[in-house]
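Novice: Sharing a model prediction with you, sequence too.
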Amino acid sequence: MSKIKRILSGAFVFAAMSSMPAFSQMEATPQLDQSETEISDEELQKFANAYKQMQVMGQQAQQKMVQSVEEEGMEIERFNEIHQASMDADAESDASDDEKATHKKIVTKLDTMQKDFQDKLTKVVENQDLDIERYQMIATALQTDTELQQRLQKMLQ
């Protein structure tokens, strides 16, 4: 895959997934209290294992999504342009009726793919003996806890 295509496909996945409600549910930020932020090495290792698997799955899902767009005869860049315009109520789209219909068909496919992907991510977390809420709490703690970030980085190496 060319460098440009990778950049575009990354932008595509961001645009497509960020607009889909089921994916954003996994990214919800739960509230933490001090007792919940105590994370053992064992628990962090479970998080790291799930995270590694999710990265691989995310790359595979991205490739499948790009392939779905291309199979419908639309370039990734054009899909992104139309998709971004469809997400902004103030934006005017220069898409033809045929392009809008193709975009809608692709979004429907991607929505189904995204739901399947979400289910797989949930199973990955649960297979590590974590529940989604705890996984999210650890992810939230990692955003601000540099010591926890360092512990995780060592586990990911």
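Specialist: Looks like it came in fine.
Novice: Could you list the low-pLDDT ranges of this structure?
Specialist: When residues are selected by pLDDT under 70, those of the chain lie in 1-37.
Novice: Please repeat the previous calculation with a cut-off of 50.
Specialist: Regions of the chain meeting the criterion pLDDT under 50 cover residues 1-30, 32, 34-35.
Novice: ranges for the helices of it?
Specialist: Applying DSSP state H to the chain gives helices spanning 3-18, 21-26, 41-71, 76-87, 97-127, 132-144, 146-156.
Novice: check contacts around residue 40.
Specialist: Taking CB atoms under 8 Å, 6 or more residues apart in numbering, we find residue 40 in contact with no residue. Heads up, the C-betas are built off the backbone N, CA and C, glycines and all.
Novice: With residue 138 as the reference, measure out to it.
Specialist: For residue 40, the distance to residue 138 equals 11 Å [CB to CB, to the nearest Å].
Novice: what number of residues lie near residue 47?
Specialist: 25 (other CB atoms under 10 Å).
Novice: And for residue 103?
Specialist: 22.
Novice: residues touching the residue nearest to it when sequence neighbours are not counted, list them.
Specialist: Distances taken as CB to CB, 6 or more residues apart in numbering put residue 82 closest to residue 103, at 4.7 Å, once the chain neighbours are dropped. Applying CB under 8 Å, 6+ apart to residue 82 gives the contacts 93, 95, 99, 100, 103.
Novice: My guess is the last one contacts residue 85. True?
Specialist: No. Proximity of residue 103 to residue 85 does not meet the contact threshold set by CB atoms under 8 Å, at 9.4 Å.
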